[in-house]
Every structure is written in C-alpha cells, then in structure tokens.
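1. model the structure of this input:
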Amino acid sequence: MRRPCLNIANVLLGLLTYCLGCNGQHDRPTNVPSSAVWVDGTFINCSVEAQLKSNRCTVYRAGTGEILADGLYVLNTSLREAGSSDLQYAAFGNRIIYLADARKLIPWEPSERDPINRLINEELSTLAAGRAGEVIDCQKIAAGGGYDARSGCAIQSFADHKPFLVRYYTQGFDSIGSHGIAGDAR
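-> Numbering: from 1, shown residues only. Next up, the predicted model:
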C-alpha cells in the first residue's frame, strides 16, 4: 500500500517542480513595473498609444532591469498600433518584439531612454564639446518639430559658431536607423 502513495507523491512533486520552473514567478528588478510580462529572459511592457498610432514599449533585461529597448513600436503588417488583446508576447530579439500570433512589433521611434540613443548622444556630445562648455541639443530644443525644426536648430547653431548636436531617425523594413551631426564652436 505504501508504494502507490509514494508514486503519487513523486508525480505530484514532479508536476509542482515543472509548474514552478516554467511558469512560476521570476525575480523582478525594482525598476521593472508590475505590468511588465516575463518572456524568455526579458520583461516586456507595452501600452497602446492610439493617438500616436503606436505602442509605447520598454524591454528590460530580466536579471538586472537594464533597459534593452524603449520607445514607440508599430505592427510590421499595418505600421499601426497593436490592440491591448494583441499584446501577447512570444520573444524579443534584434530590437523586435515578436507576438504570439506571428506578427511583430517593430521599433518606430526610440525614446531618449533607449540604449542606442544614449550611446549616440554621448558620442555626439563628446565631438561637439571640444574645448567649449555647453552643447546645444537640437533634439531637445526642437522636440516634436520633426526634421525641419532639428535641421533649423543645427544650421543656426553652426552659423553662430555654437557647439551643437542633432540626431535623425530612419525607418526601414523591420529596422530603425539613427544618424547624427555634431559641431564644435570652431
């Protein structure tokens, strides 16, 4: 009689271990919001921004909470936002959020918190600063003004011999590019 109970206990213990190991709680770094969903070594948090026709998404590294990607994303099929019910994540890789229905959320406009923008801004700031002090960040000054406003700021800064930096985005199929210009006081 003891043997069947032992087998049942082993099966239940194995099932419990499987459930906790695969679908259990994952340690959530303090900077990762509770709304973020754990997916394959990352936490993904997206919201619907209907007025911007996009999703605002942040992807965090599971162990540290480091931001891997942050900004506006759109569906690869329609270049519009995914609805709340569509935000069922399958994976993250190459800055793309893969959804369970085989569609993808692709980066549309990275935020200032995005690691790529931080790296580019650091390099542009170094180039622009030279021996001068304050650098004009045309990205911030012309926020929301688009390419023309950013370019106008850069041209005016160049004409006034003031150090500046400006960054632009390019959108490709399933990718986003960033390039910038920096000028020092000379």
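2. where do the strands sit along the protein?
-> Applying DSSP state E to the chain gives strands spanning 37-39, 42-49, 54-61, 67-75, 89-93, 96-99, 104-110, 136-137, 164-172, 175-183.
3. in a markdown table, list those along with mean pLDDT.
-> Shown next, in a markdown table, are the strands of the chain (pLDDT from 0 to 100):
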| stretch | mean pLDDT |
| --- | --- |
| strand 37-39 | 97 |
| strand 42-49 | 97 |
| strand 54-61 | 97 |
| strand 67-75 | 95 |
| strand 89-93 | 96 |
| strand 96-99 | 96 |
| strand 104-110 | 90 |
| strand 136-137 | 88 |
| strand 164-172 | 79 |
| strand 175-183 | 79 |
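4. out of the ones you listed, nearest to Pro29?
-> Closest approach to Pro29 among the strands of the chain is made by strand 54-61 (6.9 Å; CB to CB). To be clear about C-beta, it is placed using only N, CA and C from the backbone, and glycine gets the same treatment.
5. that closest one versus strand 104-110: what angle between them?
-> 100 degrees (axes from the mean of the first three to the mean of the last three CA atoms, to 10 degrees).
6. contacts for strand 54-61 next, please.
-> 29, 31-32, 36, 41-49, 66-74, 80-82, 87, 92, 97, 105, 108-109, 113 (CB atoms under 8 Å, 6 or more residues apart in numbering).
7. name the strands paired with that strand and say parallel or antiparallel.
-> Using DSSP bridges, strand 54-61 pairs in its sheet with strand 42-49 (antiparallel), strand 67-75 (antiparallel).
8. relative to Tyr168, which of these is closest?
-> strand 67-75 (14.6 Å).
9. can I get the closest one as PDB, trimmed to CA atoms?
-> Taking Å, rounded to 0.1, in the frame of the first residue of the first chain, the C-alpha atoms of strand 67-75 are listed here in PDB:
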ATOM      1  CA  ILE A  67      16.600  48.800 -20.500                       C
ATOM      2  CA  LEU A  68      17.300  46.900 -23.700                       C
ATOM      3  CA  ALA A  69      14.800  48.900 -25.900                       C
ATOM      4  CA  ASP A  70      12.400  51.800 -25.200                       C
ATOM      5  CA  GLY A  71      10.200  53.800 -27.500                       C
ATOM      6  CA  LEU A  72       7.300  53.700 -29.900                       C
ATOM      7  CA  TYR A  73       6.600  50.400 -31.800                       C
ATOM      8  CA  VAL A  74       4.200  49.600 -34.600                       C
ATOM      9  CA  LEU A  75       3.000  46.300 -36.100                       C
END
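10. quick check: angle from it to strand 89-93?
-> Using the same axes, to 10 degrees: strand 67-75 against strand 89-93 is 120 degrees.
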